[in-house]
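Q: take this sequence and fold it.
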Amino acid sequence: MSGDDEATGTAPVRRRVILTGISSRAWEHPADRGALAALRELRGFDDVLKALSGLWNERALRMEALGSAIRVDHRQYPRVYRLFAEAAATLDIAELPELYVQYDRSINGMCIGMSKPFIVINSGSLELLDDSELRCLLGHELGHLLSGHAVYRTMAMILHDWAARLSWLPVGSLALRAISAGLREWWRKAELSADRAGLLAGQDTHASLRLSMKLAGGGDLSEVDVTAFLEQAAEYDRAGDLRDSMIKIGMVLDRTHPLPVARAAELRNWIDSGEYQRILGGDYLRREDPRASSVREDVKSAADSYRETFARSQDPLVSLLRRLGDGAGDWVGTGAGRVRDWMGGGGRRRANGTQGSRTADPWSAATDPDEGQDDQPGDPR
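A: Prediction:
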(Lines give C-alpha, C1' and ligand atoms only; values in the text may rest on other atoms or scores of the structure.)
Protein backbone atom coordinates (compact mmCIF):
# COMPACT_ATOMS: atom_id res chain seq x y z
CA MET A 1 0.00 0.00 0.00
CA SER A 2 1.42 3.39 -0.88
CA GLY A 3 1.69 6.34 1.45
CA ASP A 4 -0.61 8.32 -0.84
CA ASP A 5 -3.38 5.79 -0.33
CA GLU A 6 -2.95 6.04 3.41
CA ALA A 7 -2.93 9.82 3.36
CA THR A 8 -6.09 10.09 1.30
CA GLY A 9 -7.90 7.26 3.02
CA THR A 10 -8.60 5.39 -0.23
CA ALA A 11 -7.23 2.11 1.15
CA PRO A 12 -7.34 0.48 4.58
CA VAL A 13 -4.40 1.31 6.83
CA ARG A 14 -1.98 -1.58 7.07
CA ARG A 15 -1.14 -2.62 10.60
CA ARG A 16 2.51 -2.02 11.42
CA VAL A 17 4.52 -4.54 13.42
CA ILE A 18 5.45 -3.25 16.87
CA LEU A 19 9.15 -3.98 17.33
CA THR A 20 9.01 -4.64 21.05
CA GLY A 21 12.27 -3.96 22.87
CA ILE A 22 14.26 -3.57 19.65
CA SER A 23 17.86 -2.44 20.08
CA SER A 24 19.29 0.21 17.79
CA ARG A 25 22.08 -2.29 17.05
CA ALA A 26 19.52 -4.24 15.03
CA TRP A 27 19.47 -1.63 12.27
CA GLU A 28 22.75 0.27 12.65
CA HIS A 29 25.10 0.28 9.69
CA PRO A 30 28.26 -1.70 10.60
CA ALA A 31 30.53 1.31 10.06
CA ASP A 32 28.29 3.44 12.27
CA ARG A 33 28.15 0.77 14.98
CA GLY A 34 31.93 0.30 14.90
CA ALA A 35 32.59 4.03 15.25
CA LEU A 36 30.10 4.34 18.11
CA ALA A 37 31.69 1.38 19.92
CA ALA A 38 35.16 2.89 19.53
CA LEU A 39 34.02 6.31 20.79
CA ARG A 40 32.24 4.84 23.80
CA GLU A 41 35.32 2.79 24.67
CA LEU A 42 37.55 5.86 25.00
CA ARG A 43 38.41 6.47 28.64
CA GLY A 44 37.18 9.77 29.98
CA PHE A 45 35.16 10.44 26.85
CA ASP A 46 31.99 11.10 28.83
CA ASP A 47 33.83 13.77 30.83
CA VAL A 48 35.03 15.40 27.62
CA LEU A 49 31.47 15.41 26.27
CA LYS A 50 30.19 17.05 29.44
CA ALA A 51 32.86 19.73 29.14
CA LEU A 52 32.00 20.30 25.49
CA SER A 53 28.32 20.44 26.39
CA GLY A 54 29.04 23.22 28.84
CA LEU A 55 31.02 25.16 26.26
CA TRP A 56 28.37 24.68 23.59
CA ASN A 57 25.59 25.53 26.04
CA GLU A 58 22.89 22.98 25.31
CA ARG A 59 20.41 25.15 27.18
CA ALA A 60 20.83 27.80 24.51
CA LEU A 61 19.92 25.28 21.79
CA ARG A 62 16.70 24.35 23.56
CA MET A 63 15.82 27.96 24.36
CA GLU A 64 16.37 28.89 20.73
CA ALA A 65 13.95 26.17 19.62
CA LEU A 66 11.46 27.14 22.29
CA GLY A 67 11.62 30.79 21.30
CA SER A 68 11.74 30.57 17.51
CA ALA A 69 9.95 27.33 16.54
CA ILE A 70 6.60 25.66 17.32
CA ARG A 71 6.54 22.82 19.83
CA VAL A 72 4.45 19.91 18.58
CA ASP A 73 1.78 18.32 20.77
CA HIS A 74 -1.87 17.28 20.52
CA ARG A 75 -2.89 20.95 20.16
CA GLN A 76 -0.17 22.22 17.82
CA TYR A 77 0.34 20.29 14.59
CA PRO A 78 -1.83 17.38 15.76
CA ARG A 79 -1.24 15.50 12.48
CA VAL A 80 2.53 15.61 13.05
CA TYR A 81 2.10 14.64 16.68
CA ARG A 82 0.00 11.59 15.71
CA LEU A 83 2.58 10.40 13.17
CA PHE A 84 5.37 11.05 15.67
CA ALA A 85 3.61 8.97 18.33
CA GLU A 86 2.97 6.17 15.82
CA ALA A 87 6.61 6.05 14.75
CA ALA A 88 7.75 6.02 18.38
CA ALA A 89 5.30 3.26 19.30
CA THR A 90 6.53 1.09 16.41
CA LEU A 91 10.12 1.45 17.64
CA ASP A 92 8.90 0.84 21.21
CA ILE A 93 9.82 4.27 22.59
CA ALA A 94 7.83 4.90 25.74
CA GLU A 95 8.71 8.57 26.32
CA LEU A 96 8.48 10.97 23.41
CA PRO A 97 11.27 13.55 23.12
CA GLU A 98 10.39 17.17 22.49
CA LEU A 99 9.58 17.89 18.85
CA TYR A 100 9.67 21.33 17.21
CA VAL A 101 8.77 22.65 13.75
CA GLN A 102 10.92 25.52 12.47
CA TYR A 103 10.28 27.66 9.42
CA ASP A 104 12.34 26.38 6.53
CA ARG A 105 10.90 25.37 3.15
CA SER A 106 13.36 22.49 2.62
CA ILE A 107 12.86 18.87 3.68
CA ASN A 108 15.03 18.28 6.71
CA GLY A 109 15.15 17.45 10.40
CA MET A 110 17.72 17.06 13.17
CA CYS A 111 18.12 15.46 16.56
CA ILE A 112 20.43 17.51 18.79
CA GLY A 113 21.44 17.80 22.41
CA MET A 114 23.48 15.75 24.86
CA SER A 115 21.79 15.33 28.21
CA LYS A 116 18.23 15.49 26.83
CA PRO A 117 18.18 15.37 23.01
CA PHE A 118 15.23 16.84 21.13
CA ILE A 119 14.09 16.85 17.49
CA VAL A 120 13.52 19.76 15.11
CA ILE A 121 11.99 19.36 11.63
CA ASN A 122 11.52 21.95 8.90
CA SER A 123 8.12 23.27 7.92
CA GLY A 124 8.88 22.21 4.35
CA SER A 125 8.69 18.59 5.49
CA LEU A 126 5.06 19.13 6.49
CA GLU A 127 4.24 20.77 3.17
CA LEU A 128 6.02 18.35 0.81
CA LEU A 129 5.64 14.94 2.48
CA ASP A 130 2.57 12.73 2.73
CA ASP A 131 1.77 10.89 5.96
CA SER A 132 3.87 7.81 5.19
CA GLU A 133 6.88 9.86 4.14
CA LEU A 134 6.62 12.15 7.14
CA ARG A 135 6.32 9.15 9.48
CA CYS A 136 9.48 7.81 7.87
CA LEU A 137 11.30 11.13 8.43
CA LEU A 138 10.21 11.23 12.07
CA GLY A 139 11.30 7.61 12.52
CA HIS A 140 14.66 8.56 11.00
CA GLU A 141 15.17 11.20 13.70
CA LEU A 142 14.02 8.80 16.42
CA GLY A 143 16.61 6.35 15.11
CA HIS A 144 19.27 9.00 15.70
CA LEU A 145 17.93 9.40 19.23
CA LEU A 146 18.01 5.67 20.06
CA SER A 147 21.53 5.23 18.67
CA GLY A 148 22.86 8.16 20.68
CA HIS A 149 23.85 9.98 17.51
CA ALA A 150 22.71 13.33 18.88
CA VAL A 151 25.56 13.35 21.38
CA TYR A 152 28.25 12.80 18.78
CA ARG A 153 26.53 15.00 16.23
CA THR A 154 26.67 17.85 18.73
CA MET A 155 30.34 17.05 19.29
CA ALA A 156 30.95 17.20 15.53
CA MET A 157 29.27 20.60 15.43
CA ILE A 158 31.55 21.82 18.22
CA LEU A 159 34.72 20.57 16.53
CA HIS A 160 33.67 22.10 13.21
CA ASP A 161 33.14 25.42 14.98
CA TRP A 162 36.53 25.15 16.69
CA ALA A 163 38.28 24.35 13.42
CA ALA A 164 36.79 27.49 11.88
CA ARG A 165 37.78 29.65 14.86
CA LEU A 166 41.34 28.27 15.00
CA SER A 167 42.00 28.39 11.26
CA TRP A 168 44.88 30.81 11.88
CA LEU A 169 46.74 28.10 13.87
CA PRO A 170 48.35 25.76 11.29
CA VAL A 171 48.97 22.73 13.53
CA GLY A 172 45.90 22.93 15.77
CA SER A 173 43.62 23.63 12.84
CA LEU A 174 44.94 20.68 10.84
CA ALA A 175 44.40 18.32 13.75
CA LEU A 176 40.86 19.54 14.33
CA ARG A 177 40.08 19.37 10.63
CA ALA A 178 41.31 15.77 10.49
CA ILE A 179 39.11 14.83 13.46
CA SER A 180 36.20 16.73 11.95
CA ALA A 181 36.63 14.89 8.63
CA GLY A 182 36.58 11.55 10.45
CA LEU A 183 33.42 12.53 12.28
CA ARG A 184 31.76 13.56 9.02
CA GLU A 185 32.51 10.13 7.56
CA TRP A 186 30.93 8.53 10.63
CA TRP A 187 28.00 10.97 10.36
CA ARG A 188 27.31 9.89 6.79
CA LYS A 189 27.14 6.26 7.93
CA ALA A 190 24.93 7.28 10.87
CA GLU A 191 22.48 8.73 8.35
CA LEU A 192 22.28 5.34 6.64
CA SER A 193 21.45 3.76 10.01
CA ALA A 194 18.74 6.33 10.63
CA ASP A 195 17.29 5.69 7.14
CA ARG A 196 16.82 2.06 8.18
CA ALA A 197 15.15 3.15 11.42
CA GLY A 198 12.81 5.37 9.42
CA LEU A 199 11.86 2.42 7.23
CA LEU A 200 11.21 0.24 10.27
CA ALA A 201 9.13 2.99 11.89
CA GLY A 202 6.91 3.41 8.82
CA GLN A 203 7.25 -0.08 7.30
CA ASP A 204 6.54 1.28 3.83
CA THR A 205 9.43 0.66 1.45
CA HIS A 206 7.96 2.84 -1.30
CA ALA A 207 7.55 5.78 1.08
CA SER A 208 11.16 5.46 2.27
CA LEU A 209 12.45 5.53 -1.30
CA ARG A 210 10.12 8.40 -2.18
CA LEU A 211 11.59 10.39 0.70
CA SER A 212 15.06 10.16 -0.89
CA MET A 213 13.54 11.13 -4.22
CA LYS A 214 11.90 14.20 -2.70
CA LEU A 215 15.18 15.15 -1.05
CA ALA A 216 16.66 15.14 -4.54
CA GLY A 217 13.88 16.68 -6.61
CA GLY A 218 11.28 18.30 -4.37
CA GLY A 219 7.72 17.40 -3.49
CA ASP A 220 6.13 16.61 -6.86
CA LEU A 221 6.82 13.01 -7.89
CA SER A 222 3.98 12.73 -10.39
CA GLU A 223 6.48 12.44 -13.25
CA VAL A 224 9.22 10.53 -11.42
CA ASP A 225 9.77 6.76 -11.39
CA VAL A 226 11.36 4.80 -8.52
CA THR A 227 13.03 2.25 -10.80
CA ALA A 228 14.53 4.98 -12.98
CA PHE A 229 15.80 6.77 -9.86
CA LEU A 230 17.56 3.62 -8.65
CA GLU A 231 19.03 3.13 -12.13
CA GLN A 232 20.32 6.69 -11.85
CA ALA A 233 21.98 5.74 -8.55
CA ALA A 234 23.75 2.82 -10.24
CA GLU A 235 24.88 5.11 -13.05
CA TYR A 236 26.25 7.60 -10.54
CA ASP A 237 28.30 4.81 -8.96
CA ARG A 238 29.87 3.54 -12.18
CA ALA A 239 29.74 6.53 -14.55
CA GLY A 240 32.69 8.44 -15.95
CA ASP A 241 36.43 7.98 -15.59
CA LEU A 242 39.05 8.72 -12.94
CA ARG A 243 38.37 12.44 -13.17
CA ASP A 244 34.73 11.86 -12.24
CA SER A 245 35.84 9.63 -9.34
CA MET A 246 37.94 12.46 -7.93
CA ILE A 247 35.04 14.89 -8.39
CA LYS A 248 32.75 12.54 -6.43
CA ILE A 249 35.29 12.27 -3.62
CA GLY A 250 35.49 16.06 -3.41
CA MET A 251 31.70 16.33 -3.43
CA VAL A 252 31.29 14.00 -0.45
CA LEU A 253 34.22 14.94 1.81
CA ASP A 254 32.62 18.04 3.35
CA ARG A 255 29.09 16.63 3.45
CA THR A 256 27.48 15.33 6.62
CA HIS A 257 24.82 13.43 4.63
CA PRO A 258 25.18 10.98 1.74
CA LEU A 259 23.81 12.11 -1.59
CA PRO A 260 20.09 11.26 -2.06
CA VAL A 261 20.64 8.77 -4.88
CA ALA A 262 23.27 6.94 -2.82
CA ARG A 263 20.96 6.82 0.19
CA ALA A 264 18.19 5.27 -1.88
CA ALA A 265 20.56 2.66 -3.30
CA GLU A 266 21.93 1.78 0.16
CA LEU A 267 18.44 1.38 1.59
CA ARG A 268 17.37 -0.77 -1.38
CA ASN A 269 20.44 -2.97 -0.86
CA TRP A 270 19.56 -3.38 2.83
CA ILE A 271 16.01 -4.38 1.94
CA ASP A 272 17.25 -6.84 -0.69
CA SER A 273 19.68 -8.37 1.81
CA GLY A 274 16.70 -9.74 3.77
CA GLU A 275 17.57 -7.88 6.99
CA TYR A 276 14.44 -5.75 6.86
CA GLN A 277 12.06 -8.71 6.57
CA ARG A 278 14.02 -10.64 9.17
CA ILE A 279 13.48 -7.83 11.69
CA LEU A 280 9.78 -7.58 10.86
CA GLY A 281 9.61 -11.33 11.47
CA GLY A 282 10.82 -10.82 15.04
CA ASP A 283 14.44 -11.89 14.60
CA TYR A 284 16.35 -8.92 16.00
CA LEU A 285 18.52 -7.86 18.93
CA ARG A 286 16.66 -6.68 22.01
CA ARG A 287 17.79 -3.92 24.34
CA GLU A 288 18.05 -6.41 27.17
CA ASP A 289 19.73 -9.07 25.04
CA PRO A 290 22.19 -11.02 27.24
CA ARG A 291 24.69 -11.14 24.39
CA ALA A 292 27.09 -8.35 25.25
CA SER A 293 28.40 -6.25 22.41
CA SER A 294 32.09 -6.58 21.63
CA VAL A 295 34.07 -3.55 20.55
CA ARG A 296 36.44 -5.80 18.64
CA GLU A 297 33.58 -7.47 16.77
CA ASP A 298 31.93 -4.14 16.00
CA VAL A 299 35.16 -2.67 14.64
CA LYS A 300 35.77 -5.84 12.60
CA SER A 301 32.24 -5.63 11.17
CA ALA A 302 32.91 -2.02 10.21
CA ALA A 303 36.11 -3.03 8.40
CA ASP A 304 34.28 -5.87 6.65
CA SER A 305 31.57 -3.44 5.57
CA TYR A 306 34.09 -1.10 3.96
CA ARG A 307 35.75 -4.08 2.30
CA GLU A 308 32.45 -5.32 0.88
CA THR A 309 31.56 -1.84 -0.37
CA PHE A 310 34.98 -1.61 -2.02
CA ALA A 311 34.49 -5.00 -3.68
CA ARG A 312 30.96 -4.15 -4.88
CA SER A 313 31.59 -0.62 -6.13
CA GLN A 314 31.69 0.04 -9.87
CA ASP A 315 33.39 3.43 -9.46
CA PRO A 316 36.27 3.76 -11.98
CA LEU A 317 38.87 4.66 -9.34
CA VAL A 318 37.79 1.83 -7.04
CA SER A 319 37.83 -0.62 -9.96
CA LEU A 320 41.38 0.46 -10.81
CA LEU A 321 42.54 0.06 -7.21
CA ARG A 322 40.87 -3.33 -7.05
CA ARG A 323 42.67 -4.48 -10.21
CA LEU A 324 45.97 -3.18 -8.88
CA GLY A 325 45.35 -5.05 -5.64
CA ASP A 326 44.58 -8.26 -7.51
CA GLY A 327 47.74 -7.85 -9.55
CA ALA A 328 49.79 -7.29 -6.43
CA GLY A 329 48.28 -10.40 -4.87
CA ASP A 330 49.17 -12.49 -7.93
CA TRP A 331 52.72 -11.10 -7.93
CA VAL A 332 53.18 -11.85 -4.23
CA GLY A 333 51.81 -15.37 -4.63
CA THR A 334 54.05 -16.15 -7.61
CA GLY A 335 57.08 -14.61 -5.92
CA ALA A 336 56.49 -16.57 -2.73
CA GLY A 337 56.35 -19.84 -4.71
CA ARG A 338 59.60 -19.08 -6.47
CA VAL A 339 61.35 -18.20 -3.22
CA ARG A 340 60.09 -21.45 -1.74
CA ASP A 341 61.47 -23.37 -4.73
CA TRP A 342 64.80 -21.59 -4.50
CA MET A 343 65.13 -22.34 -0.77
CA GLY A 344 65.28 -26.09 -1.26
CA GLY A 345 61.93 -27.56 -2.19
CA GLY A 346 62.43 -26.96 -5.89
CA GLY A 347 65.81 -28.68 -5.95
CA ARG A 348 64.35 -31.92 -4.62
CA ARG A 349 61.50 -31.82 -7.13
CA ARG A 350 63.88 -31.30 -10.01
CA ALA A 351 65.91 -34.26 -8.80
CA ASN A 352 62.73 -36.36 -8.95
CA GLY A 353 62.05 -35.23 -12.50
CA THR A 354 59.05 -33.01 -11.70
CA GLN A 355 60.70 -29.86 -13.05
CA GLY A 356 59.47 -27.93 -10.00
CA SER A 357 55.81 -28.26 -10.93
CA ARG A 358 53.78 -25.38 -9.40
CA THR A 359 50.77 -27.62 -8.92
CA ALA A 360 52.66 -29.63 -6.32
CA ASP A 361 53.45 -26.57 -4.21
CA PRO A 362 50.64 -24.81 -2.34
CA TRP A 363 52.81 -21.70 -1.99
CA SER A 364 52.47 -21.12 -5.72
CA ALA A 365 48.69 -20.66 -5.51
CA ALA A 366 47.38 -17.14 -5.86
CA THR A 367 47.01 -15.49 -2.48
CA ASP A 368 43.89 -13.53 -3.42
CA PRO A 369 40.85 -15.35 -1.93
CA ASP A 370 38.59 -13.64 -4.44
CA GLU A 371 40.50 -14.86 -7.50
CA GLY A 372 38.18 -16.14 -10.19
CA GLN A 373 35.18 -14.27 -8.82
CA ASP A 374 33.41 -11.48 -10.61
CA ASP A 375 34.72 -8.10 -9.43
CA GLN A 376 31.43 -6.46 -10.31
CA PRO A 377 28.53 -8.67 -9.22
CA GLY A 378 25.18 -8.04 -10.77
CA ASP A 379 22.66 -5.74 -9.14
CA PRO A 380 20.60 -7.83 -6.71
CA ARG A 381 17.55 -5.84 -7.72
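Q: so where do the strands sit in this protein?
A: Remark: strands assigned in the chain by DSSP state E are 70-71, 99-102, 109-112, 118-122.
Q: now the last one: mean pLDDT?
A: The reference is to strand 118-122. If you average the pLDDT over strand 118-122, you get 96.
Q: still on that earlier bit, can you tell which of the strands of the chain is closest to residue 194?
A: Across the strands of the chain, the minimum distance to residue 194, taken as Cβ to Cβ, is reached by strand 109-112, at 8.5 Å. (Each C-beta comes from the backbone N, C-alpha and C, glycine too.)
Q: contact partners of that closest one?
A: 61, 97, 117-122, 125, 137-138, 140-142, 144-145, 149-150, 153-154, 157 (Cβ atoms under 8 Å, 6 or more residues apart in numbering).
Q: try 6 Å
A: 61, 117, 119, 120, 121, 137, 141, 144, 145, 150, 154 (Cβ atoms under 6 Å, 6 or more residues apart in numbering).
Q: what comes up buried for it?
A: For strand 109-112, the neighbour count (16 or more other Cβ atoms under 10 Å) marks 109, 110, 111, 112 as buried.
Q: could you do stretch 224-242 as well?
A: 226, 229, 230, 232, 233, 236, 237.
Q: now do the closest residue to the fourth one other than its chain neighbours: how many residues are near it, please.
A: Translated: residue 232. The shortest distance from residue 232 to any non-neighbouring residue, by Cβ to Cβ, 6 or more residues apart in numbering, is to residue 261 (5.7 Å). For residue 261, the tally of surrounding residues (other Cβ atoms under 10 Å) stands at 21.
Q: same thing with the one 4 residues further on?
A: The burial metric for residue 265, expressed as a neighbour count using other Cβ under 10 Å, is 24.
Q: one step back: quick check: the residue nearest to residue 232 touching residue 237?
A: No - with contact defined as Cβ atoms under 6 Å, residue 261 does not count as touching residue 237 (8.8 Å).
Q: show me the shaky parts of the stretch 201-350 of the chain.
A: 290-296, 298-350 (pLDDT under 70).
Q: which residues of it fall in helices?
A: Under the criterion DSSP state H, counting those that start in this stretch, the stretch 201-350 of the chain contains helices at 205-217, 226-238, 242-253, 260-272, 275-280, 295-312, 316-340, 346-351.
Q: could you list the low-pLDDT ranges of the stretch 1-150 of the chain?
A: Low-confidence segments of the stretch 1-150 of the chain (pLDDT under 70): 1-14, 38-56.
Q: and if we set it to 50?
A: 1-12 (pLDDT under 50).
Q: before we move on, back to that, just the closest of the contacts of strand 109-112 to residue 275, please.
A: Nearest to residue 275 among the contacts of strand 109-112, with distances taken as Cβ to Cβ, is residue 144, at 19.1 Å.
Q: and the closest residue to that closest one other than its chain neighbours, what are its bridge partners?
A: For residue 144, ignoring the flanking residues on the chain, the nearest one in space by Cβ to Cβ, 6+ apart is residue 111 at 4.1 Å. For residue 111, the beta-bridge partners are residue 119 (DSSP bridges).
Q: list just the nearest of the contacts of strand 109-112 to residue 252.
A: residue 144 (19.9 Å).
Q: and that closest one, how far from residue 297?
A: 23 Å (Cβ to Cβ, to the nearest Å).
Q: so those two - more neighbours on which side?
A: Higher neighbour count among residue 144 and residue 297: residue 144, with 26 against 12, using other Cβ under 10 Å.
Q: list the contacts for the more buried one?
A: Taking Cβ under 6 Å, 6+ apart, one finds 111, 150, 194 in contact with residue 144.
Q: ok, residue 16 to residue 263 distance?
A: Where residue 263 is concerned, residue 16 sits at a distance of 22 Å (Cβ to Cβ).
Q: compare the two (neighbour count), which wins?
A: residue 263 (22 against 17).
Q: tell me who's in contact with that one.
A: Applying Cβ under 6 Å, 6+ apart, the residues near residue 263 are 195, 212.
Q: i'd like the first residue to be 490 from this point on
A: Sure, I'll start numbering at 490, so the last one becomes residue 752.
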